[in-house]
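Student: Just to be clear, the model below is a prediction. Sequence and coordinates:
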Amino acid sequence: MATFPPYPTHPPTGPAGGALRHAHWWQKKWVRYGALTTLLALSGLVILALVREQTGTEGFLVGLGLAILPVPLLIAAFRWLDRVEPGPWRNLLFCFAWGACAAALIAIVANSFATRWIATATADPSSADTLGATVIAPVVEESAKAAAVLLVFLFRRRDFTGIVDGVVIAGVTATGFAFTENILYLGTAFGTDQLTGDRGIASVTAATFFVRVIMSPFAHPLFTVLTGIGFGIAALSADRHHLRRVLLPLSGLLLAMGMHAVWNGSSTFGEYGFFAVYAAFMVPAFGLLTWLVIWTRQRELKTVREELPAYAVAGWLTPAEPFALGSMRARRIARQYARHHAGRPAARAVAQYEAYATSLAFLRHRGRRGRAGADFVVRERELLHELWARRDVARPALDHAARTTAPPVPVVAAPWPMYGVYGYGQQTAPYPQTAYPAYNPYQS
């Protein structure tokens, strides 16, 4: 696959390259972007009005101030998981906006309607609230959040290549949803405290903040991540496995709904039901999924080290680059080296080089396993062209990083006499033997 000559080759243009000569107006990019932006903006305005109406202006501001606290930490955590092949920020921005605006609006409207309908049909408002929280809410909310994952999976397929991408996209979507939901709950709690006069630790606001922001900021992301894992495994499947690509996301969605239902129903399990579910169910699940994602990221780095040497043999990369690109420490050193010697633009170019090289390794890996799409050759040439355009800046930095992070190789004396060296005829060397660092970029 890496048989191109060592010079940039531009992808074909025109209809053969995938361009539409006479695209309809609804197929134009600016029309789709405009419609999506308008939808999210209108959803945001409506959800803002609904939350403000329920909490009041002062409650809304208090809820907003408290609900935003875990958001930067969660976004940073998901971005850290995505460092091997970081996706574009526009995808994350869309996912957060969808969760905070569109999914939250769907959930509020659908949950309220369903709960009222059940209360009217059964004449039992208490049971309707319990049924709505444990059955209706998990189905509606997880389906609304999964819609964002589905849209990225369908329309940003190049940015959705595996499990880590599914986890990040689903997690950021759920973070946006939890942000809006926390504003509603915290604002409502503040309004209750205003009526009762409670203050400090004994207030409803403090209790709500402790449960939703301190103890379980990862709850919604944890549920939706199961859907993302399903889509991520489907992304690893070949295009011809149509049934698998449908069943895996659905299975992930059903698991997300089930976990969400157990979490919402914990309050009905007795006085200590919430803490029992938290300790016996949520914490182990969080630890297991965290391990899975980190293990998957290590496998991705291994894939980079195994696939890129073919391009080094073909002349596209230097021999040291596969090692440097397969190590997060070496990548960081390369960016720091470029920033120190050539400024931030050079560091940005090195970061882009690392991302394109990682995408190239994953593309080749899918191709060897028969999972690449019909545009494999075009995509490979695009990535090689991007690498070639940044080689002058990236190669010195990556070479420095490879030499800096290469493990030392011990040098020992031969156990037999050697001609032409000091001490010929002796079995031991005249000086004590030490370990000298040797540049071996492919030693793991």
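Tutor: Great, that's in hand.

Student: contacting residues for Asp399?
Tutor: 318, 320-321, 324 (Cβ atoms under 8 Å, 6 or more residues apart in numbering). For the C-beta atoms, the positions are set from N, CA and C on the backbone; glycine is no exception.

Student: Gly171 too?
Tutor: Contacts for Gly171 (Cβ under 8 Å, 6+ apart) come out as 74, 78, 221, 224-225, 228.

Student: pLDDT at Ala76, what is it?
Tutor: If you check Ala76, the pLDDT there is 93.

Student: Can you mark which positions in the strand or helix carrying it are buried?
Tutor: Applying DSSP states H and E as the criterion places Ala76 in helix 70-81. Residues of helix 70-81 classed as buried: 70-71, 74-75, 77-78, 81 (neighbour count, 16 or more other Cβ atoms under 10 Å).

Student: How about residues contacting the helix or strand that it is followed by?
Tutor: Per DSSP H and E, the first helix or strand lying C-terminal to helix 70-81 is helix 89-97. Helix 89-97 has contacts (Cβ under 8 Å, 6+ apart) with 36, 40, 44, 75, 78-79, 148-149, 151-152, 156, 159, 168-169, 172-173, 175-176, 179.

Student: Among the residues you listed, which lie within helices?
Tutor: The members of the contacts of helix 89-97 that map onto helices under DSSP state H are 36, 40, 44, 75, 78-79, 148-149, 151-152, 168-169, 172-173, 175-176, 179.

Student: Counting neighbours, which bits of the host helix or strand of Leu61 end up buried?
Tutor: Leu61 is located in helix 29-67, with elements delineated by DSSP H and E. By neighbour count on 16+ other Cβ under 10 Å, the buried set for helix 29-67 is 36, 40, 43-44, 46-48, 50-52, 55-56, 59-60, 62-64, 66-67.

Student: Show me where the stretch 301-444 of the chain has its helices.
Tutor: 309-313, 321-325, 328-342, 344-368, 376-389, 391-405 (DSSP state H, counting those that start in this stretch).

Student: circling back to that earlier point, adding distance to Thr405 as columns, could you present the contacts of Gly171 in a markdown table?
Tutor: Shown next, in a markdown table, are the contacts of Gly171 (distance: Cβ to Cβ, whole Å):
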| residue | distance to Thr405 |
| --- | --- |
| Leu74 | 30 |
| Phe78 | 26 |
| Pro221 | 33 |
| Thr224 | 36 |
| Val225 | 31 |
| Gly228 | 32 |
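
Student: Greatest separation within those residues: which pair is it?
Tutor: When Cβ to Cβ is used, the two most widely separated members of those are Leu74 and Gly228, lying 14.1 Å apart.

Student: Please list all residues in contact with the nearest residue to Val139 once chain neighbours are set aside.
Tutor: Of all residues not flanking Val139 in the chain, Met257 sits nearest, at 5.6 Å (Cβ to Cβ, 6 or more residues apart in numbering). Shown in contact with Met257 (Cβ under 8 Å, 6+ apart): 138-139, 142, 223.
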